[in-house]
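Q: Below are the sequence and a predicted model for it; my questions follow.
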Amino acid sequence: MTDVKPGQVVPIFLQKLYEIVNNPDNMSLIRWSDRGDSFYGTGDDLHLDTVLDQDRFSREILGQWFKHQKFTSFTRQLNMYGFRKVQGLQQHSLKSSIDGDICHFEHEHFIRGQPELLGFIQRRKPSSQPG
C-alpha cells in the first residue's frame with residue numbers, strides 16, 4: 001500500500017486515491033500534474049482540452065476501487081478530506097462532461113512520491129449548527 005510511519009492511520013479512501021493516481025494504467029482517466037502537487041481527470045487522448053468522461057471514470061475507476069460508481073460521491077469525499085478544486089483553466093485542468101467544472105484537485109499533503117504525508121490528511125469534522 002503506502003509508506004506511513006508507525007502509529008499513523010491513513011484512511012482507506014486516501015490510500016486508494018493515492019494508488020489510483022499513481023497507477024500508470026489509470027493515466028487515461030486520472031493522473032498527477034506535472035509538478036506532482038495535484039491531480040486531474042483526463043480524457044481518452046490526454047490532450048489538455050479533452051473533456052473528462054465522467055461515465056467512464058465512474059465505471060472503470062470508481063467501480064473498481066470503491067463500493068459505488070458515483071462521481072458526486074467521489075468529489076464529496078475529496079471535499080470531506082480538505083481537497084480543494086484548482087480554479088481556472090491551468091495546465092492539464094479539464095472540464096467535466098456534465099457541467100463544465102474543472103476536475104483538478106489539490107491538498108498540501110497529497111504529493112507525488114510522498115505517501116508518508118497522507119497521515120496528516122484528516123477528515124473534516126461536521127460543523128455544529130445552532131438550532
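A: Nice, thanks for sending it over.
Q: was I right about residue 119 contacting residue 18?
A: No. Residue 119 is beyond contact range of residue 18, at 11.5 Å (criterion: Cβ atoms under 8 Å). C-beta: built from backbone N, CA, C; applies to glycine.
Q: more neighbours, these two?
A: Each of residue 119 and residue 18 has its neighbours counted (other Cβ atoms under 10 Å); residue 18 has more, 22 against 17.
Q: The more buried one against residue 112, yeah?
A: No. Contact criterion Cβ under 8 Å: residue 18 and residue 112 do not qualify, at 9.2 Å.
Q: quick one: the strands in the chain?
A: 30-32, 38-41, 84-85, 104-106 (DSSP state E).
Q: Adding mean neighbour count, write the ones you listed out as CSV.
A: Formatted as CSV, these follow (neighbours: other Cβ atoms under 10 Å):
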stretch, mean neighbour count
strand 30-32, 20
strand 38-41, 24
strand 84-85, 14
strand 104-106, 21
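Q: among those, which is nearest residue 13?
A: With Cβ to Cβ as the measure, strand 104-106 is the member of the strands of the chain nearest residue 13 (13.1 Å).
Q: Give me the sheet partners of that closest one and which way each runs.
A: Using DSSP bridges, the strands paired with strand 104-106 are strand 38-41 (antiparallel), strand 84-85 (antiparallel).
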